[in-house]
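Novice: pasting the sequence and the predicted coordinates here, then a few questions.
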Amino acid sequence: MTAGQWLRKYTSIFQQAGIEEAGDEARVLLCHALKLNKAGLFAQPERIMAADEIALLEGLAERRLKREPAAYIVQNKEFYGLDLFVDPRVLIPRPETEILVEAAVKFGQAWIERYKKTISIVDVGTGCGAIAAALALHLPGSLVYAVDISAAALEVAALNIEKYKISGRVIMSQGDLLQQINARVDIIAANLPYIPQNGMRLLQPEIANYEPEEALRGGESGIEVIGRLLEQVPGKINLNGAVFLEIGEGQEDEIIPVIGRCLPGSKVTLIKDLAGINRVIKIEAKRLLTNI
């Protein structure tokens, strides 16, 4: 069997099983088994696969058909140009979160150009370290605090931080939201749990059965964890700093009043994803605030 034949066969099988983006999912498994990148696979679709490669692929495909996420099967996920190690200890990074990173990078670059000094950042709920690594690499010289309540998640984040040789600028800390941060910073970035209680039962089996529930569940309304973070932000954000929050569809209507209460006088900007959904909230601190 050639690589191309296997790809076509399992694209069809995955489609029939109801797996979204079946072709991409099959390609991820094929590249992993053959130790090729996407370009390498495209360059040799007629490659004859060895018996051990076919056997490996059959096992990988069987796991995917049981709805185990491909990222966990191959223990890798591409995010904002980075190749990150992931496993069931952490949430799999999503393309939507790249919107948050892009907005934070743009803000950080302008901030550094204006103030000509090192910028400090907190990635709250760092998970696999995707946001922390991306910001550290795209904002050279920045100091990043990567915080998570899960010790297991921080173990995964450490692998990715070490891979990109930025452990000298990324400080990992276990704690609840901003409680472990003892100084003001210039950027707070957070992709926190935001699935409401009644939305948990609607999740795809790949998510519901495999990804860590604590990284998904946002309480009854979906914004409970985000709300707790906003209560902690005063006293942690510098004047002219900014907070970047990833949110669920329609949650801006509930979150914006909380921002007004916790961070009065701040400038709030909504950033849409490719589907036109308000996906990221940018909050610019125009006043120096303290926790009461």
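Specialist: Structure's in. What do you need? Numbers count the residues shown, from 1 in each chain.
Novice: give the next helix or strand downstream of the helix ranked longest in the chain.
Specialist: Longest helix of the chain, by residue count under DSSP state H: helix 95-115. Per DSSP states H and E, the first helix or strand lying C-terminal to helix 95-115 is strand 120-124.
Novice: mean confidence score for that next one?
Specialist: Across strand 120-124, pLDDT averages out at 98.
Novice: and the angle from the helix or strand just after that strand to helix 95-115?
Specialist: Using DSSP H and E, the helix or strand that follows strand 120-124 towards the C-terminus is helix 130-138. If you take axes from the mean of the first three to the mean of the last three Cα atoms, to 10 degrees, helix 130-138 sits at 40 degrees to helix 95-115.
Novice: what's helix 130-138 packed up against?
Specialist: Packing partners of helix 130-138 (3 or more Cβ pairs under 8 Å, 6 or more residues apart in numbering; DSSP states H and E): strand 82-84, helix 95-115, strand 120-124, strand 143-148, helix 151-163, strand 170-174, strand 185-190. (Each C-beta comes from the backbone N, C-alpha and C, glycine too.)
Novice: could you dump the ones you listed to TSV with distance to residue 215 and mean neighbour count?
Specialist: TSV is the format used below for those (distance: least, Cβ to Cβ, whole Å; neighbours: other Cβ atoms under 10 Å):
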stretch	distance to residue 215	mean neighbour count
strand 82-84	15	18
helix 95-115	12	17
strand 120-124	12	26
strand 143-148	9	25
helix 151-163	8	19
strand 170-174	15	18
strand 185-190	12	26
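Novice: now the ones you listed as JSON lines including distance to residue 28?
Specialist: As requested, the helices and strands packed on helix 130-138 are exported to JSON lines (distance: least, Cβ to Cβ, whole Å):
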{"stretch": "strand 82-84", "distance to residue 28": "12"}
{"stretch": "helix 95-115", "distance to residue 28": "14"}
{"stretch": "strand 120-124", "distance to residue 28": "26"}
{"stretch": "strand 143-148", "distance to residue 28": "26"}
{"stretch": "helix 151-163", "distance to residue 28": "18"}
{"stretch": "strand 170-174", "distance to residue 28": "27"}
{"stretch": "strand 185-190", "distance to residue 28": "27"}
